[in-house]
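>>> Below is the structure, and that's it, no one-letter string:
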């Protein structure tokens with residue numbers, strides 16, 4: 001009877017040992033799978049961080065280009081304004097010259113009349 005009792009406990013211990021061994025194996029597989037998933041997620045996070053940094057740099061470059069564009073547009077507007085004023089001065093100068101030409105013609109005409117009267 002004792003042998004039977006000991007054999008029963010031995011079988012029970014062996015069965016428990018097999019379950020424990022199987023449990024450890026499953027636990028290792030689960031841990032390995034979990035570690036692989038975490039490594040994959042870690043890589044994804046690092047890639048996303050790098051992408052965020054790239055986008056931040058791109059945004060900074062876009063902002064810099066917008067500022068340059070605004071400065072260029074302001075310079076263009078100033079140049080257009082200067083050109084318009086210059087054109088207005090030119091029109092005014094041409095009108096003034098036309099008046100002077102007319103005055104010169106009148107003076108020349110008067111001089112010719114005076115010379116004809118003297119002669």
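Received it, and whenever you're ready, just let me know what you need. If you're wondering where the values come from, they're calculated on a predicted model, not measured in any experiment.
>>> quick one: residue 105 and residue 91, what's the gap?
Distance of residue 105 to residue 91, given as Cβ to Cβ, to the nearest Å: 21 Å. Every residue, glycine included, has its C-beta placed from N, CA and C.
>>> count of neighbours near residue 37?
Using other Cβ atoms under 10 Å, residue 37 has 10 neighbouring residues.
>>> Tell me which helix or strand it sits in.
Under the criterion of DSSP states H and E, residue 37 resides in helix 2-118.
>>> so for that helix, what's the average pLDDT?
For helix 2-118, the mean per-residue pLDDT is 92.
>>> what's that helix packed up against?
Using 3 or more Cβ pairs under 8 Å, 6 or more residues apart in numbering; DSSP states H and E, no helix or strand is in contact with helix 2-118.
>>> so how far is it from its chain's centroid?
Here helix 2-118 is found 0 Å from its chain centre; the criterion is Cα atoms, centre = their mean, to the nearest Å.
>>> Can you give me the neighbour number for residue 64?
Neighbours of residue 64 (other Cβ under 10 Å): 10.
>>> I meant residue 22, not that one.
Other residues within reach of residue 22, judged by other Cβ under 10 Å, total 10.
>>> do the same with residue 10
For residue 10, the neighbour count with other Cβ under 10 Å is 11.
>>> Against residue 16, how distant is it?
According to Cβ to Cβ, residue 10 stands 11 Å off from residue 16.
>>> repeat for residue 41
For residue 41, the distance to residue 16 - Cβ to Cβ - is 36 Å.
>>> Residue 58 now?
According to Cβ to Cβ, residue 58 stands 61 Å off from residue 16.
>>> for residue 9, same thing?
From residue 9 to residue 16 the distance is 10 Å (Cβ to Cβ).
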